[in-house]
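Undergrad: I need the structure of the sequence given here:
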Amino acid sequence: MADHLLHITDLHVSVAGNEIIRGLDLTVNRGSVHALMGPNGSGKSTLSLALMGHPKYTITKGDIKFKGQSIVELSPDERARLGMFLGFQYPSAVPGVSVANFLRNALMAHHKGSSPLTPAKFKQLLDNGIRKLKMDPAVLARYVNDGFSGGEKKRLEILQALVLEPDLEILDETDSGLDIDALRIIAEGIEAQRTGERAILLITHYQRILNYLKPDVVHVMVRGKIVREGGPELAAELEAKGYDPLIKELVEA
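TA: So this is what the prediction gives:
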């Protein structure tokens, strides 16, 4: 099986006629954790939504291959069934739908056509996720994100990933708005999903979550392109110096 799980080549993405992604190349291998960093407006969230097939984000050029298959023509649910997952920066509330029912239906749709989901297996997945994220089991009876704090919403995003067990987990600024304790717990929940087959693409502004979750590769995105790549030391450099010196270097090049 090829190591390349996600392979993006010369990707251009427009929103309402404005080009945001401008010739982006990115490869994510199985079993790896990638951090995608960059200043506000660099196109990081646009990339995450384009990867999952949001209809407002138009791919005008380039290709996205997942598991060796081009997915640019696939719908969001088809991409999800292939094994892609997006943790949103601003998760939406779904009043009237309990967390338990939401997760059960999502898991059944995700595994449609495979072996049936038994109540025992579902309970095991929930119990493991709740324990790892130090969540109150009573959350399962609450409506999805309805009245949740910012930290509760982010933990629920990671709980979904723990239950669904996707091959590629894209997390868009999961660390935003978290206090120190919640940040550590979220990072531990992400780290618990690191396997030889799964890959994680973590989108963040800051190095702080990387104190708990060590990436294999750090990518820096500026003005719709990946402009620099390196190891964890690159994130530390950005934390110390900021993005301005890098942007200035690019402008002067």
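Undergrad: Low-confidence ranges, the stretch 51-200 of the chain, go.
TA: 111-115 (pLDDT under 70).
Undergrad: how about the strands in it?
TA: Shown for the stretch 51-200 of the chain, the strands assigned by DSSP state E, counting those that start in this stretch span residues 57-66, 69-70, 84-87, 94-98, 143-144, 168-172, 199-204.
Undergrad: Can you give me the buried ones in the fourth one?
TA: The neighbour-count check on strand 94-98 (16 or more other CB atoms under 10 Å) flags residue 98 as buried. (C-beta placed from N, C-alpha, C; glycine too.)
Undergrad: Please enumerate residues in contact with that strand?
TA: Contacts to strand 94-98, defined as CB atoms under 8 Å, 6 or more residues apart in numbering, come from residues 102, 140, 141, 142, 143, 144, 145, 146.
Undergrad: Likewise for the first one?
TA: Strand 57-66 is contacted from outside by 4-15, 19, 23-24, 46, 49-51, 70-72, 79, 82-84, 168, using CB under 8 Å, 6+ apart.
Undergrad: and which of the contacts of strand 94-98 is nearest to residue 230?
TA: Distances from those to residue 230 were compared by CB to CB; the smallest belongs to residue 145, at 35.4 Å.
Undergrad: Next, give phi and psi for residue 46.
TA: Residue 46 has phi and psi values of phi -60, psi -40 when expressed as degrees, to the nearest 10.
Undergrad: Distance-wise, check it relative to residue 221.
TA: 10 Å (CB to CB, to the nearest Å).
Undergrad: on that earlier part again, now the contacts of strand 94-98 as a markdown table including neighbour count?
TA: What follows is these, written out as a markdown table (neighbours: other CB atoms under 10 Å):
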| residue | neighbour count |
| --- | --- |
| 102 | 17 |
| 140 | 17 |
| 141 | 10 |
| 142 | 16 |
| 143 | 16 |
| 144 | 22 |
| 145 | 21 |
| 146 | 14 |
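Undergrad: which of these lies closest to residue 91?
TA: When those are ranked by distance to residue 91 (CB to CB), residue 145 comes first, at 5.3 Å.
Undergrad: check contacts around that closest one.
TA: Listed by CB under 8 Å, 6+ apart, the contact partners of residue 145 are 91, 92, 93, 94, 152, 153, 156.
Undergrad: If you rank the residues you listed by neighbours, which is first?
TA: residue 156 (23 neighbours; other CB atoms under 10 Å).
Undergrad: Quick check, that one in contact with residue 140.
TA: No: with contact defined as CB atoms under 8 Å, residue 156 does not count as touching residue 140 (10.2 Å).
Undergrad: what do the two both touch?
TA: Common neighbours of residue 156 and residue 140 are listed as residue 99 (criterion: CB under 8 Å, 6+ apart).
Undergrad: quick one on the thing from earlier: mind checking which of the contacts of residue 145 land in helices?
TA: 152, 153, 156 (DSSP state H).
Undergrad: Name the nearest residue to the second one, sequence neighbours excluded.
TA: Right, residue 153. Leaving aside its sequence neighbours, residue 153 sits nearest to residue 91 (CB to CB, 6 or more residues apart in numbering; 4.5 Å).
Undergrad: ok, now which ones touch the one you found?
TA: Listed by CB under 8 Å, 6+ apart, the contact partners of residue 91 are 145, 153, 154, 156, 157.
Undergrad: same thing but 7 Å
TA: Residue 91 makes contact with 145, 153, 156, 157, according to CB atoms under 7 Å, 6 or more residues apart in numbering.
Undergrad: can you check residue 159 too?
TA: Residues in contact with residue 159 (CB under 7 Å, 6+ apart) are 129, 133, 135.
Undergrad: hmm, back to that, ok, so of the contacts of residue 91, who is nearest residue 37?
TA: With CB to CB as the yardstick, the closest approach to residue 37 among those comes from residue 157, at 19.3 Å.
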